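K.L.:
return atomic coordinates for the entry below.
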Amino acid sequence: MRRSFFPTAARGDTRPTPRHTGLVKASYSALLLLVSAFTAFGATLPPLDLGGVREEHVMIPMRDGVHLSAYVYFPAGEGKWPVIFEQRYADLTGAYSRKGAATIAKNGFVVAAVNYRGAYESEGRWVGYRALAWGERKDGYDICEWLAAQPWSTGKIGTYGGSQAGFAQNFLAVTQPPHLVCQYMTDTGLSLFQEGYRIGGVTRPNRFEELGKVARDPAESAALLREWDAHPDYDDYWQQEDCSLHFAQMNVPCFTLGSWYDFMCQGSVASFVGRQHHGGDQSRGHQQLLIGPWLHGGAKANKINEMVFPENAQLPPEHLARWFAHYLKGEDNGVDKEATVRYYVMGAAGEPGAPGNVWREAKDWPPAAESVSYYLREEGGLNTAAPALAQSSDHYVSDPAHPMSMPGRSFLGAKDARAFEQQSEVKTWTTEPLREPVEWTGEVTAELYVSSTAPDTDFIARVSDVYPDGRSMLLMDYPLRARYREGFDKEALLHPGEVAKLTWHVGQTSLIFNKGHRIRVTIASTGAPLYEPNNQTGGPQTVDWMKDAVSATNTIWHDQAHPSRIIAPVLKTAK
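P.N.:
Here you go, the predicted structure:
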């Protein structure tokens, strides 16, 4: 079985030049006239050795007359080549991005990196992802068809990229451009409501204010945030940016690369499942999924934060080119016959002989597993036996003005979580040392019985693997805003003091907890700046809402009547 995969190149590029005004045919010499000095906001792009690959800048016309900035990379020589492109709002001019695109081009493809409208040198109003989809403007569709019509193109088009470029690919697939043949996504998403401005209903205005840095006009970014504020719930507005509603329109083979230490792993899995089972004729049964022990958007290597896995966890940069060579060039290289699902079963790092740290194959996701409940118990215990006490609970203070510290803007997986767990308003529940290895493979959910003195508050659930030396290595975490416990399309405020049941997704994983390790569940209501605090008033979710913030006491119940638990997919063979 081949296991060589390309850790998607792309992370920064952009600049202007004279623009191309025709949507279709232009002579090759005319195209060259479109190319001039490379600039990024007026600065000359520094020279870079791209190994014989030619780098050109063009402005691609959209149906409404707007032109989008694109950097195009050509293999050596002249001729017609298949074209691969990605769409991003991030800078396209960084050396990492340019070299990554050139590396792909050397395999005999034209590679194009295109900025969203309104970002960097792309014209038009900055509207985030809105112009990519199936509305009045179809920027991805127009890019695809323009590239297919160029004299240097064979007319066969593929797309690649991760995160924002993964979202863009899902949007594009729904619009069904005639020349789109296949896709290759990394760490992708489907819903901007669930995996963008909000996560589990938790609003992230501070993070998204930073998008003003990519917009040509920062005022347009601020206006977009106000627009989002006007739609706090999952309504028709957000449905216009939810690709999960349109799997039937997706109709091309796609390879999806996901990462266990990624809050968007749910998007990667859901995208694969939706296309594989509910897509069009060329989508159903033509998908592949691979998930490994990596971070969101990061290098797919064996050293991830504080974890060092065996070398078999890293992926050589060959698979992406093989995927496109098969679908865009017709090469019979066997890539389409590889296993539908391949996933890395993580094991204890640094423990020789520990079970796990191997690749497995499956026909679908998730593999068959038994749902096992790990109940929160008195005195911080975590047990598969249900609570026996008539009344048992733990409480803590949730103060948005003084939140618990959860540094950074990215998920802190594969790191020791004790610094967070030891903070005053954080609660943990931990099993006894395991008498035998236990494997979790699939989706983990939380089911908590809670009460609060506030009408609204957040709950963050985390799961970690506690090593014999005390390290609590974080596997997953996910928040839920209590007002959305009955669904994200409506709000149901808490009644202070009354117990409410909350159920939500915590993460996807495949891990064998080794003998002697312990499993830990951590619950808190604040963790900033990663999760921006709830003001807990139950009022509107707006950028300036923290001005009225109030403190609250939150209670986690774990007794006979309120059996709070984490539900894990335990493989029967490993149990």
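
K.L.:
look up phi and psi at the residue of the chain positioned farthest from its centre.
P.N.:
Among the C-alpha atoms of the chain, the one most distant from their mean position (C-alpha atoms, centre = their mean) is that of Ala390, at 41.4 Å. Backbone geometry at Ala390, expressed as degrees, to the nearest 10, gives phi -70, psi -30.

K.L.:
can you tell me how far it is from Trp81?
P.N.:
With distances defined as C-beta to C-beta, to the nearest Å, the gap from Ala390 to Trp81 amounts to 72 Å. Yep, even glycine has a C-beta here, placed from its N, CA and C like the rest.

K.L.:
cool, and Ala552?
P.N.:
Counting by C-beta to C-beta, the gap between Ala552 and Trp81 amounts to 60 Å.

K.L.:
now swap in Asp456 and tell me
P.N.:
To Trp81, Asp456 is 55 Å away according to C-beta to C-beta.

K.L.:
so what's the residue farthest from the centre of the chain up against?
P.N.:
If a contact means C-beta atoms under 8 Å, 6 or more residues apart in numbering, then Ala390 has Asp559, Gln560, Ala561 as its contacts.

K.L.:
make a ChimeraX selection of whichever of the residues you listed turn out to be buried.
P.N.:
Of those, the buried ones can be selected in ChimeraX as follows, counting by 16 or more other C-beta atoms under 10 Å:
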select :559
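
K.L.:
can you put the contacts of Ala390 in TSV and add pLDDT and distance to Trp323?
P.N.:
Supplementary listing: those in TSV, determined by pLDDT from 0 to 100; distance: C-beta to C-beta, whole Å:
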residue	pLDDT	distance to Trp323
Asp559	98	53
Gln560	98	53
Ala561	98	53
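
K.L.:
any idea where the helices of the stretch 251-400 of the chain begin and end?
P.N.:
Assigned by DSSP state H, counting those that start in this stretch, the stretch 251-400 of the chain shows helices spanning 265-278, 319-329.

K.L.:
can I get those helices in JSON lines with mean neighbour count?
P.N.:
Putting those into JSON lines (neighbours: other C-beta atoms under 10 Å) gives the following:
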{"stretch": "helix 265-278", "mean neighbour count": "23"}
{"stretch": "helix 319-329", "mean neighbour count": "22"}
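
K.L.:
these: which one's closest to Asn302?
P.N.:
Of all the helices of the stretch 251-400 of the chain, helix 319-329 sits nearest to Asn302, with 16.4 Å by C-beta to C-beta.

K.L.:
low-confidence regions, the protein specifically.
P.N.:
Segments of the chain classed as low confidence (criterion: pLDDT under 70) are 1-44, 573-575.

K.L.:
looking at it, Leu289 is touching Pro367, isn't it?
P.N.:
No: with contact defined as C-beta atoms under 8 Å, Leu289 does not reach Pro367; the gap is 12.0 Å.

K.L.:
for these two, indicate the residue with more neighbours.
P.N.:
Between Leu289 and Pro367, counted using other C-beta atoms under 10 Å, Leu289 has the larger neighbour count: 24 against 17.

K.L.:
which residues touch the more buried one?
P.N.:
For Leu289, the residues meeting the contact criterion (C-beta under 8 Å, 6+ apart) are Phe255, Thr256, Gly258, Ser268, Val269, Phe272, Gln276, Thr340, Val341, Arg342, Tyr343, Trp365.
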